[in-house]
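Enquirer: Sequence unavailable; structure follows:
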C-alpha cells in the first residue's frame, strides 16, 4: 500500500523570516524609535510656534500686578492694559511684552480712542479714560507703576507739546522683543468739579531700534 504525505502548503524559501500570527503587523523597536523622535520634534516645533505667536501679539501674557500702593497709603486696584486698552490691540501690535507690561486703575471709563498711525506708520495710538482718583493720585500711580513693570521713566512734569502741552505727563521707555523701543505717555488732566479725572495713555513704537 502506498501512503502519501498530507499537503503542507508552500514552503518558505530557506533563510526567509517567518512571521507568526501574533507577530504580524508589529514593527521592530528599531523602526518605532526614530518615528517617535520625529513626532516629538514636530510637537515641540508646533508648541514653540504657538508660544512665539502669542508673544509676538497683544494676546499674550499680561502683568500679574493687580494693585499698587501710592505714597499716601492708598491701594489702587489695577486692570491689565490688554483688557482696558483692547480697542487699540490687534493681532500683532503692541507686542505682548509691551501691552502686557502696562496697567490702568480699575473702575475707569473709556471716553475715546485715537489712532494716529492709521496703519501707515509706526504704531501710535491713544486711549482716553476718566477715573474717580484725583489727578495727583493718577500721576503718583504712573510714577510708581511704570518702573515696577520694567519701564524707564524719562520725564515727569508739565505736559509737553507732543501731548498738547496740558496736564501732567509721565513718559517712559521700554525695549521689546520685536527689536524696537516703545514709549508710553500718561497725560493726566486736572480733576473736574464733578470729581472725575481725565487721563490718557499713548503707546507708540519708536522709529528705530536705538
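Expert: Alright, I've got the coordinates. What you see is a predicted model; the values in this text were computed from it and never measured.

Enquirer: If you count contacts, what does the helix or strand where residue 198 lies end up packed against?
Expert: Using DSSP states H and E, residue 198 sits within strand 197-205. On a contact count with 3 or more Cβ pairs under 8 Å, 6 or more residues apart in numbering; DSSP states H and E, strand 197-205 meets strand 124-131, helix 135-148, strand 181-188. Placement of C-beta: from N, CA and C, glycine included.

Enquirer: tell me which residues in the next helix or strand after the longest one are buried?
Expert: Heading C-terminal from helix 135-148, the first helix or strand you meet, by DSSP H and E, is strand 152-158. Buried residues in strand 152-158, counting neighbours by 16 or more other Cβ atoms under 10 Å, are found at residue 156.

Enquirer: Could you double-check that residue 198 sits in contact with residue 127?
Expert: No - checked against Cβ atoms under 8 Å, the pair residue 198 and residue 127 is beyond contact range at 11.8 Å.

Enquirer: What ranges does this structure have for its helices?
Expert: 29-55, 81-84, 96-99, 135-148 (DSSP state H).

Enquirer: who has more neighbours, residue 198 and residue 127?
Expert: Legend: neighbour count by other Cβ atoms under 10 Å for residue 198 and residue 127, higher for residue 127 (22 against 19).

Enquirer: Need the helices and strands packed on strand 197-205 in JSON lines (columns: distance to residue 103 and mean pLDDT).
Expert: Formatted as JSON lines, these follow (distance: least, Cβ to Cβ, whole Å; pLDDT from 0 to 100):
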{"stretch": "strand 124-131", "distance to residue 103": "12", "mean pLDDT": "97"}
{"stretch": "helix 135-148", "distance to residue 103": "6", "mean pLDDT": "97"}
{"stretch": "strand 181-188", "distance to residue 103": "11", "mean pLDDT": "96"}
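
Enquirer: Please identify which of the ones you listed is closest to residue 63.
Expert: helix 135-148 (8.9 Å; Cβ to Cβ).

Enquirer: list the helices and strands the closest one packs on?
Expert: With 3+ Cβ pairs under 8 Å, 6+ apart as the test, helix 135-148 has strand 67-69, strand 75-80, strand 103-105, strand 152-158, strand 168-175, strand 181-188, strand 197-205 packed against it.

Enquirer: now those strands in TSV, with distance to residue 118?
Expert: Below are the helices and strands packed on helix 135-148 laid out as TSV (distance: least, Cβ to Cβ, whole Å):
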stretch	distance to residue 118
strand 67-69	33
strand 75-80	26
strand 103-105	24
strand 152-158	26
strand 168-175	23
strand 181-188	18
strand 197-205	13
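
Enquirer: Between these, which one is closest to residue 93.
Expert: Closest to residue 93 of the helices and strands packed on helix 135-148, according to Cβ to Cβ: strand 197-205, at 7.4 Å.

Enquirer: before we move on, back to that, can you pull the buried residues of the strand holding residue 198?
Expert: Across strand 197-205, burial judged by 16+ other Cβ under 10 Å covers 197, 198, 199, 200, 201, 202, 203, 204, 205.

Enquirer: before we move on, back to that, for the helices and strands packed on helix 135-148, which one sits closest to residue 92?
Expert: Checking the helices and strands packed on helix 135-148 against residue 92 by Cβ to Cβ gives strand 197-205 as the closest, at 11.4 Å.

Enquirer: which residues touch residue 203?
Expert: Contacts for residue 203 (Cβ atoms under 8 Å, 6 or more residues apart in numbering) come out as 85, 88, 94, 98-99, 102, 123-126, 182-184.
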